[in-house]
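*Asks:* A predicted structure for the sequence below; I have some questions about it.
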Amino acid sequence: MADSSGTVQTAESRARGIRATGRRRKGPTRRRRALTITLCALVSVVLLGGAGLGYVYFKLNGNLKGVDINAALGHDRPQNVDDGSMDILVMGSDSRAGKNGEYGKDEGGARSDTAMVVHVFKGHKKASVVSIPRDTLIKRPDCTTKDGKNVPGERRAMFNTAFEVGGPACAVKTVESISGIRMDHFIEVDFTGFKKLIDALGGVDITTTKAIDDRNSHLHLKAGHHTLDGEQSLGLVRTRHGVPGGDGSDLGRIQLQQTFLKALMNQVKNVGVLTNPTKLYDIADTATKAITTDTDLNSVSELTGLAKSLGSIGSENIDMVTLPVTYDTANPDRVVPLTRQGKQVWDALRNDRDIPKSAIKGSAGDTGGTSRYVK
């Protein structure tokens with residue numbers, strides 16, 4: 001496919017986040033550019049476009065960390081269909097190493113506290129986000145660690161163990177085996193980076209309709225309006241037990257995460273970073289330190305290209321759902337995918353269609369009620 005300058009759009013260009021629509025678009029508005037932060041799991045890559053020159057460029061470029069997913073997985077992957085859509089696996093790491101040690105004992109590995117498949121539709125004007133519960137029992141494929149060690153697959157393995165045993169490449173391979181969809185990109189955010197990014201943004205405004213009290217996530221909020229700092233925001237997206245109406249499971253936490261992301265979208269529109277160079281740099285510096293990406297994204301220029309390609313997505317055009325699951329009969333602390341409904345979800349995204357409401361109805365992830373306590 002050729003763009004308006006006659007340049008052919010290849011599968012490689014799509015994998016790097018470059019649009020393949022064949023039309024030049026106007027530059028993203030301030031509102032639309034701000035919304036990209038949510039799609040990139042709180043990573044304000046959209047803000048890098050104004051800070052990509054000279055020393056600043058090299059400083060930010062040096063912050064980035066990349067993982068070569070393509071080299072790790074080889075050709076044993078779903079077909080890379082170049083139809084203009086894009087799929088990004090976004091993960092939140094719960095490693096307790098280093099500065100994250102205050103959240104628990106470091107046992108030598110990291111698990112995925114949050115996992116979302118972000119599907120950007122052809123034309124890049126809307127997106128669907130599918131959250132995968134960390135406690136989902138799945139068939140984990142054989143994986144290879146970064147030091148070349150083979151890790152055999154396992155039946156009825158918790159989803160978040162894929163990241164623990166094989167890192168980002170194993171997490172991507174597991175998601176691809178579940179969904180049948182090739183991931184174009186991978187983005188990981190850790191605890192400390194998340195907190196610092198929220199603080200750099202000046203916090204996030206939310207309203208709680210009832211008190212939240214969770215000693216496990218160190219979150220204590222009265223009913224009412226709050227501007228959450230980084231520590232409190234992390235507590236909110238991690239809380240499982242202290243929310244009225246919640247069931248103490250990962251499903252309720254996912255509802256809170258999705259509600260928080262929408263609150264963040266509304267907040268970012270009013271931050272004013274695009275007219276404040278100092279704040280812009282602080283956020284860009286924090287964001288690039290907070291993330292690990294695939295090697296196709298670990299440069300300022302590539303992140304800026306991704307941000308521009310997503311610039312036309314409005315907040316009203318982002319659909320957030322949880323993978324259809326039910327509680328495991330052998331272990332009620334775990335969930336298992338609903339095969340037929342899950343297939344509807346992945347088939348819809350694979351064919352670049354909206355997720356049908358019928359696929360989510362009746363799923364355990366569609367209940368729990370925690371989202372209505374935060375807005």
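*Replies:* Now that the structure is in, tell me what you want to look at.
*Asks:* A helix includes His220, no?
*Replies:* No. Checked against DSSP: H, G, I helix; E, B strand; the rest coil, His220 lies outside a helix; its state is strand.
*Asks:* strands of the stretch 151-300 of the chain, start to end?
*Replies:* 154-158, 185-190, 204-208, 212-214, 219-221, 224-228, 291-294 (DSSP state E, counting those that start in this stretch).
*Asks:* give the contact list for Ala348.
*Replies:* Counting by C-beta atoms under 8 Å, 6 or more residues apart in numbering, Ala348 touches Ser128, Asp354, Ile355, Pro356, Ala359. C-betas here are computed from N, CA, C, even on glycine.
*Asks:* show me where pLDDT drops low in this structure?
*Replies:* 1-55, 94-112, 241-249, 265-276, 311-312, 314-315, 367-373 (pLDDT under 70).
*Asks:* from the centroid of it, which residue is nearest?
*Replies:* The centroid of the chain falls nearest to Val90 when counting by C-alpha atoms, centre = their mean (3.0 Å).
*Asks:* bridging residues for it?
*Replies:* When bridges are assigned using DSSP bridges, the partners listed for Val90 are Met116, Ile187.
*Asks:* surely it meets Asp113?
*Replies:* No. In this structure Val90 lies outside contact range of Asp113 using C-beta atoms under 8 Å: 11.8 Å.
*Asks:* export the strands of the stretch 151-300 of the chain as TSV, with columns for distance to Val345 and mean neighbour count.
*Replies:* Output for those, formatted as TSV (distance: least, C-beta to C-beta, whole Å; neighbours: other C-beta atoms under 10 Å):
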stretch	distance to Val345	mean neighbour count
strand 154-158	20	15
strand 185-190	20	24
strand 204-208	28	18
strand 212-214	30	19
strand 219-221	30	19
strand 224-228	31	14
strand 291-294	23	25
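*Asks:* for Thr144, find the nearest of the ones you listed.
*Replies:* Checking the strands of the stretch 151-300 of the chain against Thr144 by C-beta to C-beta gives strand 154-158 as the closest, at 14.7 Å.
*Asks:* CA atoms only for the closest one, dumped as PDB, please.
*Replies:* Extracted C-alpha coordinates of strand 154-158, given in PDB (Å, rounded to 0.1, in the frame of the first residue of the first chain):
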ATOM      1  CA  GLU A 154       2.500 -26.200  31.500                       C
ATOM      2  CA  ARG A 155      -1.300 -26.900  31.600                       C
ATOM      3  CA  ARG A 156      -3.400 -25.000  34.000                       C
ATOM      4  CA  ALA A 157      -0.600 -22.500  34.700                       C
ATOM      5  CA  MET A 158      -1.600 -19.000  35.900                       C
END
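*Asks:* what strands line up against it, and which way round?
*Replies:* strand 137-140 (antiparallel).
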